[in-house]
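Novice: sequence and computational prediction follow.
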Amino acid sequence: MSTVPSYEATDIQVLEGLEAVRRRPGMYVGSTDVRGLHHLVYEVVDNSIDEALAGVCDHIEVTIHADGSVSVRDNGRGIPTEIHPQTGLPALQVVMTKLHAGGKFGSGGYEVASGLHGVGVSAVNALSAWLEAVVERDGKKYRQKYERGNPVSGVEVVGKSNRRGTTITFMPDESIFKGGIDYKFDTLAQRFREMAFLTRRLTIAFRDERDEREMTFYFEGGIRSFVRYLNKNREVLHPVVYVEKEINGTLVEAAIQYNDGTADSVYAFANNINTVDGGTHLTGFRAALTRTINAYARKAGLLKENEPNFTADDTREGLTAIISVKLQEPQFESQTKAKLGNAEVKGQVESVIGEAFSAFLEENPREARVIVEKCLTSSRAREAAKAARELVFRKSALESSTLPGKLADCSERDAAKSELYIVEGDSAGGSAKQGRDRHFQAILPLRGKILNTERTRLDKILANNEVKALIAALGTGIGDNFSLENLRYNRVIVMTDADVDGSHIRTLLLTFFFRYMQPLIENGHLFIAQPPLYRIEHKKQVHYAYSEAEKDALVAKLSKSDGANVDIQRYKGLGEMNPEQLWETTMDPARRTLLQVTIEDAAEADRTFDMLMGASVPPRRRFIQTHAKEVRNLDV
Ligand code: 0RA
């Protein structure tokens, strides 16, 4: 086998360059933990993606080998192997050993620096115990090997080949990645899926030889497919709106689709980097959408003259979109370098998306109307919530002494000694009123049915009479006007049935407290009552069990003691208990158990809330079914 110009002179500068990477790896790949380790793979794959963006590559294969090394193989042009005039070295060697050399000499099109730091494969080489680059082009197969970034062979011709492309195989250096070399299949797969969505018709075949798992990503529709994927469990309001256009050197691409939910799932990318902190492209997109929807709604008479324009927030609910821009010199800002800063991009994106979305609305009046109506709903909900809040604030200011009629207050005036039971349902409320110690225990019955409707939004809940009564009873006001000094009860106790509806209402109340009365939770005032699940009677003696296990143990013990009958009654709701039973099992401070609600519990409820109330029906059913057995726990 022949050898093409072998490396001879060791270029001092080149070596110094890569030494810098080994000395401060964090500067080049972010960190030396698992994130940095995965970044090595992304860096190599990004180079292959650049070939795909240049239109000369449509297939990338990534393989994790059993020994932990990784191969990235593409069918691009292949890294050039001829002598690079400035250095007198084979171009392959320059690309692999010179920092920033990248793949960017003399290329046009959208071969943009997409790696996070744009340092190219040489940084990966520097941080690898060994690396092997194989290039296939001009009918030949070339190979060069490196150790810790240094060439340990020349660029050798090792065979013939009738294909084109580059294969980089590397073993991360364990003396740098001290946490060990353990690639996570799911982390990599997630990233490759995203890359494939962003590069239409590119195949990324991913194989893990450690356990023979494999996944191949290919999306005919690119970011259109991405949006369909994000909306796959939702009812959509129209087909995906798609635009791709170059404007002043920036390639702008967007896919947009509303669904019937309330969540906002908009992801923005710049040069294939997920800009989680947004930036000028996202700002331009939001401006375009709001402007075009307002203009259309006015023109079509869907927004009346006396009605205000939609705000950007009004146009966000149920919106799923991908914005992807590609530009020659991206400027990234923010701590995480995940915010696009190029000022000119805002106007470019706004113009491209504005034009396309406006055309879509004009050409599809039926769908346009549905979108506008959705914005109207959002806008009215926001207005109603605001009005309700203001009303509540005004009320609590003006009529702070006016307590709700349904509140059975206690006689104690000292808040430190008082407690409030919030009770689900009128019948349980009746029992609680009779069973309580009226000296220090107040009862506020809430009619569960009203709250327990699907798709109830918190906005509506604030306007709800039951919740207004609750706010008035507590005396604190809500949100920014919340004042703990005015709290009328030291303990606020939520008492609901130990069934699915009870857990639903508990979630709602916890979410309400979490969003509007957080200090109440933080200062330890919020509790959950623990009613028993079973009443067990044995020889005229009554016992209560608060869990299945407790019941089983009790029944076993009582049955063994003698042959007398053991009568087991399962409580389906609080309403089944008479006032005395409710007092002795759940309300008597000497015998009851209360669970104190922590801010973590409430935050968890808050996350659950949207799923329970907002999402489409099937996930909600699934959720309630899977959790139905655990309703006695706080993980509602
Ligand atoms: C330098 C120049 C050219 C391509 C590349 C590097 C290149 C780098 C990598 C890294 C992984 N796969 C790659 N594929 C290509 C342009 C080559 C030409 O114009 O022929």
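Specialist: Received it, and whenever you're ready, just let me know what you need.
Novice: what number of residues lie near the closest residue to residue 178 other than its chain neighbours?
Specialist: Spatial nearest neighbour of residue 178, excluding adjacent residues (Cβ to Cβ, 6 or more residues apart in numbering): residue 32 at 6.7 Å. Any C-beta I mention is one placed from the backbone N, CA and C, and that applies to glycine too. Neighbourhood size, residue 32 [other Cβ atoms under 10 Å]: 18.
Novice: how about residue 32, phi and psi?
Specialist: phi -110, psi 20 (degrees, to the nearest 10).
Novice: I'd say it and residue 176 touch.
Specialist: Yes. Using Cβ atoms under 8 Å, residue 32 makes contact with residue 176 at a distance of 5.7 Å.
Novice: which residues are common contacts for these two?
Specialist: The overlap between the contact sets of residue 32 and residue 176 (Cβ atoms under 8 Å, 6 or more residues apart in numbering) consists of residue 25.
Novice: any idea how far residue 601 is from residue 522?
Specialist: 12 Å (Cβ to Cβ, to the nearest Å).
Novice: ok, those two, which is more surrounded?
Specialist: residue 601 (20 against 13).
Novice: okay, and the more buried one sits in which element?
Specialist: helix 599-613 (DSSP states H and E).
Novice: could you point out the longest helix of this protein?
Specialist: Criterion DSSP state H: the longest helix present in the chain is helix 365-398.
Novice: got the residues of the protein near the ligand?
Specialist: Within the chain, the residues that sit near the ligand (Cβ under 6 Å from any ligand atom) are 47-48, 51, 74, 76-77, 79-80, 95, 103, 105, 107, 121, 166, 168.
Novice: what about burial for those, which qualify?
Specialist: Among those, those classed as buried by 16 or more other Cβ atoms under 10 Å are 47-48, 51, 74, 76-77, 79-80, 95, 103, 121, 166, 168.
Novice: which phi and psi values does residue 292 adopt?
Specialist: phi -70, psi -40.
Novice: list the contacts of it.
Specialist: Per Cβ under 8 Å, 6+ apart, neighbours of residue 292: 354, 357, 358, 361.
Novice: and what of residue 197?
Specialist: Residue 197 touches 217, 219, 222, 223, 225, 226, 229, 322, counting by Cβ under 8 Å, 6+ apart.
Novice: that one: what's its closest spatial neighbour, skipping adjacent residues?
Specialist: Per Cβ to Cβ, 6+ apart, closest to residue 197 is residue 226, 3.9 Å.
Novice: contact partners for the one you found?
Specialist: 194, 197, 198, 219, 255, 267, 322.
Novice: immediately after whichever helix or strand it is part of, which helix or strand?
Specialist: Assessed by DSSP H and E, residue 226 sits inside helix 223-230. Using DSSP H and E, the helix or strand that follows helix 223-230 in sequence is strand 241-247.
Novice: tell me what that following strand is packed against?
Specialist: strand 250-258, helix 344-363 (3 or more Cβ pairs under 8 Å, 6 or more residues apart in numbering; DSSP states H and E).
Novice: so how far is it off the chain centroid?
Specialist: 27 Å (Cα atoms, centre = their mean, to the nearest Å).
Novice: hey, C-alpha coordinates of it in CSV?
Specialist: As requested, the backbone C-alpha atoms of strand 241-247 are provided in CSV (Å, rounded to 0.1, in the frame of the first residue of the first chain):
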residue,chain,number,x,y,z
VAL,A,241,-48.5,25.9,8.2
TYR,A,242,-45.0,25.8,6.7
VAL,A,243,-42.6,28.4,5.3
GLU,A,244,-39.0,28.3,4.2
LYS,A,245,-37.4,31.4,2.7
GLU,A,246,-34.0,33.0,2.5
ILE,A,247,-33.8,36.7,3.3
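Novice: can you tell me the average pLDDT over that strand?
Specialist: Strand 241-247 carries an average pLDDT of 97.
Novice: given that strand, what are its sheet partners and their directions?
Specialist: Strand pairing for strand 241-247, using DSSP bridges, gives strand 250-258 (antiparallel).
Novice: among the contacts of residue 226, which are located in strands?
Specialist: 255, 267, 322 (DSSP state E).
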